[in-house]
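Trainee: 3D model of this:
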Amino acid sequence: MKKLASLCALLCALSFLGAADGEFYAANQSVFVIPTAYTMPKGSSSFIDYELVILQYSHALSDRLHLSMGMGFPYNVEMAKTITAGAKFNYFRAPSLESAAWGTFTPIEEVYTLGNVVSFGNNSGNGRGSLHLAGMLYGDMDKPDYLWGVMGTGGIVRFSNRVNGMADVILPPLRIKDSPDDTDSEDEDESDNFGMFIVGVRIKGKMVSVDLGGMRFVGDADQGNLLLMPFVKATVLF
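Mentor: A predicted model of the protein is given here:
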């Protein structure tokens, strides 16, 4: 359950923002899971479903500030442990460059993240696409002597008014802080030492968008002979 809570926290952390730059489409808040620094208009809300496993609701209190809540699905006592809250703030905005910072917290499992994303380019109108560089710290308050760093990048290429090509790369986590006296979690930590690669398309609309992709883990993860696993995400804007 700790791992599911961690995944929920990661996906929530990597998808808090909505798009700006003029023209807005549902799901412009992220690539597949890598965030963009663009933000939804004030008063907007979005609902995101990651493969019927993780659900997330976001609301824009202002043009620059979002609050979000996410959790595993279906709801039960165990899944309640994955409930994750977060906030994100766009603190820099220029014509083709934006940046935002975020933080999330999973209260029951005591998992937290702190991160920043920088976005280059333009996804609106006749914009050809965008590039997004994200980095975050991931910590577990049950293990105060441990801290991990996670880096990732994502890109969006405009194929047409309704279709984008997309790719995400999330690198294996880097342990920033550890305690040499604690060996209990060494094997568990190594089992999570993998990154992620996702490639596919987004079928986008003003109110509803669907992401269809193939996902592969990289690093210490065994997928056997399976080249890519399906990745599906749906976003509704209201």
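Trainee: below-threshold pLDDT in the chain: ranges please.
Mentor: Counting by pLDDT under 70, the chain shows low-confidence ranges at 1-25, 124-126, 178-192, 220-224.
Trainee: let me see the ranges of the strands in it.
Mentor: Applying DSSP state E to the chain gives strands spanning 45-50, 54-60, 65-72, 84-94, 97-106, 111-122, 129-140, 147-158, 163-170, 174-177, 194-203, 208-219, 229-237.
Trainee: ok, and the closest non-adjacent residue to Gly129?
Mentor: Residue nearest to Gly129 in three dimensions, not counting chain neighbours: Val157, with 4.3 Å by C-beta to C-beta, 6 or more residues apart in numbering. Any C-beta I mention is one placed from the backbone N, CA and C, and that applies to glycine too.
Trainee: hang on, the earlier thing: what would the strands of the chain look like in JSON lines with mean neighbour count?
Mentor: Listed next are the strands of the chain as JSON lines, based on neighbours: other C-beta atoms under 10 Å:
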{"stretch": "strand 45-50", "mean neighbour count": "20"}
{"stretch": "strand 54-60", "mean neighbour count": "20"}
{"stretch": "strand 65-72", "mean neighbour count": "20"}
{"stretch": "strand 84-94", "mean neighbour count": "18"}
{"stretch": "strand 97-106", "mean neighbour count": "21"}
{"stretch": "strand 111-122", "mean neighbour count": "21"}
{"stretch": "strand 129-140", "mean neighbour count": "20"}
{"stretch": "strand 147-158", "mean neighbour count": "19"}
{"stretch": "strand 163-170", "mean neighbour count": "19"}
{"stretch": "strand 174-177", "mean neighbour count": "12"}
{"stretch": "strand 194-203", "mean neighbour count": "19"}
{"stretch": "strand 208-219", "mean neighbour count": "17"}
{"stretch": "strand 229-237", "mean neighbour count": "18"}
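Trainee: output those as CSV; include the columns distance to Ser30.
Mentor: Output for the strands of the chain, formatted as CSV (distance: least, C-beta to C-beta, whole Å):
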stretch, distance to Ser30
strand 45-50, 8
strand 54-60, 10
strand 65-72, 11
strand 84-94, 11
strand 97-106, 12
strand 111-122, 9
strand 129-140, 8
strand 147-158, 7
strand 163-170, 9
strand 174-177, 22
strand 194-203, 10
strand 208-219, 9
strand 229-237, 9
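Trainee: closest to Thr39 out of those strands?
Mentor: Minimum separation from Thr39 across the strands of the chain (C-beta to C-beta) falls at strand 84-94, 4.8 Å.
Trainee: check the offset of the closest one from the chain's centre.
Mentor: Centroid separation for strand 84-94 versus its chain: 13 Å, with C-alpha atoms, centre = their mean, to the nearest Å.
Trainee: next: stretch 48-65.
Mentor: 10 Å.
Trainee: now stretch 81-88
Mentor: With C-alpha atoms, centre = their mean, you get 12 Å for stretch 81-88.
Trainee: okay, it in CSV with CA atoms only?
Mentor: The C-alpha trace of stretch 81-88 is given here as CSV (Å, rounded to 0.1, in the frame of the first residue of the first chain):
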residue,chain,number,x,y,z
LYS,A,81,-4.3,5.6,2.6
THR,A,82,-3.5,6.9,-0.9
ILE,A,83,-5.4,10.2,-0.5
THR,A,84,-3.0,13.0,-1.6
ALA,A,85,-3.4,16.7,-1.4
GLY,A,86,-1.3,19.3,-3.1
ALA,A,87,-0.9,22.9,-4.3
LYS,A,88,1.0,24.4,-7.3
